[in-house]
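# Next input, structure requested:
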Amino acid sequence: MRIVVFKFNHLGDNVVFVPAVQALRRAHPDWHLTVLTTPNEAALYGGPLGPQEILVAHKEDFDKSYRRPWVLAHWMWRVRRLRPDACLISFDQATAAHLVAKHSGARIRIGGNLQHIRVAGSLTQEVSMPPDACPATWHWHMARSLERALCKGCLLPESAPPPDLGFLAPRETPARIGRRRVVVHAGASRYLNQWPRERFAAVATSLSRDHEVVWITHGGTTGDAPQGTVAAPVGSIQELAVRLLEGDLFLGNNSGPMHLANALGRPGVVVTGPSAMGWNPYWNREKWTVLRHPSLSCAPCERPNKALEGCVNAGEPMACLNYWTAGRVEAACRERLAPAAAGPS
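Now for the predicted structure:
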């Protein structure tokens with residue numbers, strides 16, 4: 001059985017998709033899986049439970065390939081020559097993925113349709129958004145639907161386990177004596193999800209008085225390491241995973257690194273503004289503090305089935321994030337770092 005899986009998206013979106021791929025690989029080792037994803041995120045699909053083949057393209061290039069028919073035609077040819085029996089199309093894929101899947105020759109094409117794609121017949125079975133509106137749950141339901149369509153019975157359990165990402169980092173983190181370590185990632189792929197960097201810096205500097213604070217630097221949203229912290233440049237998902245595993249606490253926005261830290265089993269504090277509730281940390285929830293405005297009527301304004309393009313609160317823009325002062329966030333971190341809350345890591 002040959003399966004082609006479409007998942008062109010950012011880090012967090014792929015983190016919560018990995019369990020579906022790994023579970024199909026574990027339950028059906030004789031199936032040949034090909035995953036189409038983005039270059040940076042391809043590393044998530046490594047290890048013994050990874051697919052047999054990975055094809056990569058930058059998300060924007062693939063999504064807009066319909067504007068260059070020769071590029072789209074090349075992708076159609078490339079996937080069709082894999083001779084897939086089935087396609088699995090994540091709910092967040094654009095028109096190009098649906099067109100390629102439709103013309104792949106696969107008799108079974110299962111997926112979701114978050115973006116209201118209007119490619120007639122691209123899916124032979126559409127899996128609707130689950131009641132909890134969590135992307136991880138939605139991906140899991142799609143994987144179970146694919147399994148039921150291809151074989152008798154269902155070997156996948158009812159709920160999605162955390163991904164097995166042990167291959168990304170050394171098996172054992174060296175023992176550390178002394179101060180606890182806080183790993184801060186102040187960036188996010190969208191500005192609407194970014195708590196002000198200067199407030200992250202204030203929290204990090206204050207925590208550094210009695211904790212070791214590591215400031216992850218990459219891209220343009222994290223900035224230089226503030227006073228009292230240790231700069232930690234990362235150039236790959238593997239390097240980021242190592243840094244996260246070395247920490248006793250993660251602090252950041254609702255972002256890809258947050259979802260990676262959550263999947264790796266690390267405790268954390270996340271400053272969340274407009275993000276939909278379904279994007280809260282999915283696993284190890286008892287280890288996480290999610291900071292959301294307690295009473296703002298417009299929050300969260302993001303909806304799973306509608307892209308968020310700007311703040312809807314004209315009277316007090318970004319009130320959901322601005323509510324969280326450096327003092328409040330620091331207090332949440334210190335509560336998590338307290339011996340009684342820390343427990344075994």
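# looking only at pLDDT, what's the mean for the helix or strand hosting V270?
Assigned by DSSP states H and E, V270 belongs to strand 268-271. Averaged across strand 268-271, pLDDT comes to 97.
# for it, packing partners?
With contacts taken as 3 or more CB pairs under 8 Å, 6 or more residues apart in numbering; DSSP states H and E, strand 268-271 sits against strand 249-253, helix 256-263, strand 288-291, helix 326-337. C-beta coordinates here come from the backbone N, C-alpha and C atoms, glycine included.
# Would you mind saying which of those lies nearest P170?
Nearest of the helices and strands packed on strand 268-271 to P170, taken as CB to CB: helix 256-263 at 16.1 Å.
# Counting by contacts, list what the closest one packs against.
helix 11-15, strand 181-185, helix 237-245, strand 249-253, strand 268-271.
# May I have the secondary structure class of H98?
helix (DSSP: H, G, I helix; E, B strand; the rest coil).
# hang on, it packs against H116?
No: with contacts counted by CB atoms under 8 Å, H98 stays clear of H116, the gap being 11.0 Å.
# before we move on, back to that, quick one: the helices and strands packed on helix 256-263 as CSV, columns for distance to T217 and mean neighbour count too.
Converted to CSV, the helices and strands packed on helix 256-263 look like this (distance: least, CB to CB, whole Å; neighbours: other CB atoms under 10 Å):
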stretch, distance to T217, mean neighbour count
helix 11-15, 16, 24
strand 181-185, 9, 25
helix 237-245, 10, 21
strand 249-253, 13, 27
strand 268-271, 18, 27
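# Quick one: those as a markdown table, columns for distance to D224 too.
Shown next, in a markdown table, are these (distance: least, CB to CB, whole Å):
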| stretch | distance to D224 |
| --- | --- |
| helix 11-15 | 22 |
| strand 181-185 | 12 |
| helix 237-245 | 17 |
| strand 249-253 | 17 |
| strand 268-271 | 20 |
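# can you tell which of these is closest to R107?
Of all those, it is helix 11-15 that lies closest to R107, at 26.6 Å by CB to CB.
# Residues in contact with that closest one: which ones?
Residues outside helix 11-15 that contact it (CB atoms under 8 Å, 6 or more residues apart in numbering): 7, 37-38, 40-41, 44, 90, 92, 135, 163, 189, 237, 255-260, 262-263, 279.
# Apply 6 Å and report the result again.
Helix 11-15 is contacted from outside by 41, 44, 256, 259-260, 263, using CB atoms under 6 Å, 6 or more residues apart in numbering.
# Just name the closest of those to R109, please.
Nearest to R109 out of the contacts of helix 11-15 is E41 (CB to CB; 22.3 Å).
# what's the closest non-adjacent residue to that closest one?
In this structure, E41 finds its nearest non-sequential neighbour in N14, 4.2 Å apart by CB to CB, 6 or more residues apart in numbering.
# List the strands paired with the strand holding V270, with their directions.
Sheet pairing for strand 268-271, assigned by DSSP bridges, gives strand 249-253 (parallel), strand 288-291 (parallel).
# what about Q52, how many neighbours?
Residue neighbour count, defined by other CB atoms under 10 Å, stands at 12 for Q52.
# And for E316?
Per other CB under 10 Å, the neighbour tally for E316 reads 12.
# What's the separation between it and G310?
Going from E316 to G310 by CB to CB, to the nearest Å gives 14 Å.
# go on, G265?
G265 sits at a distance of 35 Å from G310 (criterion: CB to CB).
# Also R25?
Here R25 is placed at a distance of 40 Å from G310 (CB to CB).
# For the two, work out which one has more neighbours and name it.
R25 (19 against 12).
# my guess is the more buried one is in a helix, correct?
Yes: assessed with three-state DSSP, R25 lies in a helix.
# my guess is it meets G47, correct?
No: counting by CB atoms under 6 Å, R25 does not reach G47; the two are 9.6 Å apart.
# what secondary structure does C87 sit in?
Here C87 is recorded as strand under three-state DSSP.
# Now do the buried residues in the longest helix seen in the chain.
Identified as the longest helix of the chain according to DSSP state H is helix 135-150. Under the neighbour-count criterion of 16 or more other CB atoms under 10 Å, helix 135-150 has 135-147, 150 buried.
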